[in-house]
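1. Give the three-dimensional model of this entry:
(2 chains)
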Amino acid sequence: QKEVEQNSGPLSVPEGAIASLNCTYSDRGSQSFFWYRQYSGKSPELIMFIYSNGDKEDGRFTAQLNKASQYVSLLIRDSQPSDSATYLCAVNGAMNRDDKIIFGKGTRLHILP
Amino acid sequence: DAGVIQSPRHEVTEMGQEVTLRCKPISGHDYLFWYRQTMMRGLELLIYFNNNVPIDDSGMPEDRFSAKMPNASFSTLKIQPSEPRDSAVYFCASNSQGTNQPQHFGDGTRLSIL
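-> Numbering: from 1, shown residues only, chains lettered A, B, ... in the order given. Reported below is the predicted structural model:
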């Protein structure tokens, strides 16, 4: 049974600080990794995706992937109150295009003004 | 551009009734995904289609659930008969490249079975 684990939180971070969200996965063959943000009552929206080991930066967001340790992280710099949401980690084990994607249950992030 | 469109947004019905949820993917996307989200189980993939053909339905909880995609612009998820434990938010998503690429989600259908 493939699993994706996240700390449910809430994770409270002061405004302007760095928020660090972590995700571990069980399938060593996983190839694609996604971070989605979900505001309360809304649908998930893509924040970042990463396929290769190392860091990928996009504005205030950085995704970090370590396949050897089987974890993926999301860093949010200069946290804003609007970043308060649930962040979902998703992992796909595809060596080809069609493999099942598994979502973690999410980490609730609360940015303190 | 129009996003993924789901209807209805909210559905309240009594146990035993048939429920039909509808989804229109983004034009040009040939992958369509149905998800269910609950507090207990999180976001779960139920079934997905490629070019209107079901690829993996292993997430469908039981025979009461069925999904169809009669054409590239329309899909339905049906529950018959419905039970209170089916209460959840059901999302539809689409993309053009499969499960290893980002997906675009619809606004979801909040289903309550009384």
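2. Low-confidence stretches in chain A?
-> For chain A, residues meeting the criterion pLDDT under 70 lie at A:94-98.
3. I'd like to know which residues of it are adjacent to chain B.
-> Residues of chain A lying close to chain B (CB under 8 Å from any CB of the partner chain) are A:31-32, A:34, A:42-46, A:49, A:88, A:92, A:94, A:97-106. To be clear about C-beta, it is placed using only N, CA and C from the backbone, and glycine gets the same treatment.
4. What parts of chain B come near chain A?
-> Within reach of chain A by CB under 8 Å from any CB, chain B has these residues: B:41-45, B:50, B:55-56, B:58-59, B:91, B:97-108.
5. Could you tell me which of those count as buried?
-> Neighbour counting with 16 or more other CB atoms under 10 Å in any protein chain shown marks B:42-43, B:45, B:50, B:55-56, B:59, B:91, B:98-108 as buried within the residues of chain B next to chain A.
6. Narrow the residues of chain A next to chain B to those in helices?
-> The members of the residues of chain A next to chain B all map outside helices under DSSP state H.
7. quick one: the strands in chain A?
-> In chain A, the strands defined using DSSP state E lie at A:4-5, A:11-14, A:19-25, A:32-38, A:45-50, A:54-58, A:61-66, A:71-76, A:85-92, A:101-103, A:107-112.
8. Same question for chain B.
-> B:5-7, B:10-13, B:19-24, B:31-38, B:42-50, B:53-56, B:65-71, B:74-79, B:88-95, B:104-105, B:109-113.
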